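Asks: What follows is a predicted structure for the sequence shown.
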Amino acid sequence: MQRFDGRMSRLTYFSEMKLPLSLFFILAVIFSHSQPGTEILLFDIKMENKQLIFSGPVNITNHKGYDNQPYFHPTLPYIYYSSFNDSGRSDIKVYNYKTKETSHLTLTNEREYSPVVTPDEKYISCIIQRDNGAQNLGKYPINTGEPEILISHLKVGYHAWASKNTVLLFVLDDSSNTLHLYNLANKTDKVLATNIGRSLHKIPGEEAMSFVQNISATINQIRKIDLATGVISPVTYTIPGQEHMTWLQKNILLMGKETGLYLYDTQLQEGWQPVIIEADASLVKGITRLAVNKTMTKLAVVVSE
């Protein structure tokens, strides 16, 4: 059986550097424009002869530059994602895959990243990056409006909701990227791990979350947090050079590498298995982030432009 293990990539932020504000702003704009161009493909998911098939990809962004970090609304036909404008600032856009229309959720002087639907489905939480290097966790009303800042004392890079008041955070510290479990109701903050990757997820059908842990210079491991007990346990190793993943079901993981998609069954434990992609090979290249809708009928895949 085929098995992968490897080393996760890590982010480097200009905002970690001690720079004059004016110089930081210039570098931030340069960094924004230097982000690799990406598109988001929307696949149909079907089952044939007990095999998952991903087919009929549609480029839902068709926009030169960075379009990334897709997230499905759990009950509506919407995909939220981060998109750079011509000035190098990122806004949150919304694609309706029923009407095939795109609109803005945000259009601000800040930079918004990593949109996530909140558990009550009334807001889109996201990272709000300031010109001074701060990265706040905030939320915007889902039908547009002014943001509410949830966390401003930590430099938040990514997040995933564990419950109505609890959120899992990727926090940029001076020495490493740390995993925090933060309770917004009582403001308690528990550090769970250090030197982590960018892929944080709620596991479907379980009171559990997952994250990617850098074990060594060559090995990354997907780990699971039991929210009731706090116990952290290993799931499997990642595909080499990749850290972005998604859960299709509570026991099925999906990752991508270059032009391929791979499944891992936590019950069978037979390693990462390639799946069928019915698509023009020229469209599917440089796969990174993945997202699946709640009914497991649609898959969003971030690819190189």
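Replies: It's in. Numbers count the residues shown, from 1 in each chain.
Asks: Show me the contact partners of the strand or helix carrying Val191.
Replies: Assigning secondary structure by DSSP states H and E places Val191 in strand 188-194. For strand 188-194, the external contacting residues (C-beta atoms under 8 Å, 6 or more residues apart in numbering) are 154, 173, 175-183, 211, 213, 223, 225, 232. Bear in mind the C-beta positions are built from the backbone N, C-alpha and C, glycine included.
Asks: Inside strands: which ones of the residues you listed?
Replies: Among these, the residues falling in strands (DSSP state E) are 177-183, 211, 213, 223, 225, 232.
Asks: Drop anything exposed from the residues you listed.
Replies: 177-182, 211, 213, 223, 225, 232 (16 or more other C-beta atoms under 10 Å).
Asks: quick revisit: of the contacts of strand 188-194, which one scores lowest on pLDDT?
Replies: For the contacts of strand 188-194, the weakest pLDDT value sits at Ser175, with 80.
Asks: Distance check, Val302 against Pro141.
Replies: Applying C-beta to C-beta, to the nearest Å, the value for Val302 to Pro141 is 26 Å.
Asks: Which one's more surrounded, the two?
Replies: Neighbours were counted for Val302 and for Pro141 using other C-beta atoms under 10 Å; Val302 has more, 23 against 13.
Asks: so what's that one bridging to?
Replies: Here Val302 shows beta-bridge partners Ile40, assigned using DSSP bridges.
Asks: same check, this time on Phe211
Replies: Bridge pairing for Phe211 - DSSP bridges - gives Arg223.
Asks: Next one, pLDDT for the closest residue in space to His73 that isn't next to it in sequence please.
Replies: Nearest non-adjacent residue to His73, counting by C-beta to C-beta, 6 or more residues apart in numbering: Val117, 5.5 Å away. At Val117, the pLDDT value in this model is 98.
Asks: Could you count how many residues lie near Val117?
Replies: If you count neighbours by other C-beta under 10 Å, Val117 ends up with 21.
Asks: wait, it sits on Ile124?
Replies: Yes - using C-beta atoms under 8 Å, Val117 is in contact with Ile124, at 6.2 Å.
Asks: Quick check: neighbours shared by the two?
Replies: 80, 142.
Asks: now, the most widely separated pair of the contacts of strand 188-194?
Replies: Ser175 and Asn183 (24.3 Å; C-beta to C-beta).
Asks: For the stretch 1-150 of the chain, which segments count as helices?
Replies: 21-34 (DSSP state H, counting those that start in this stretch).
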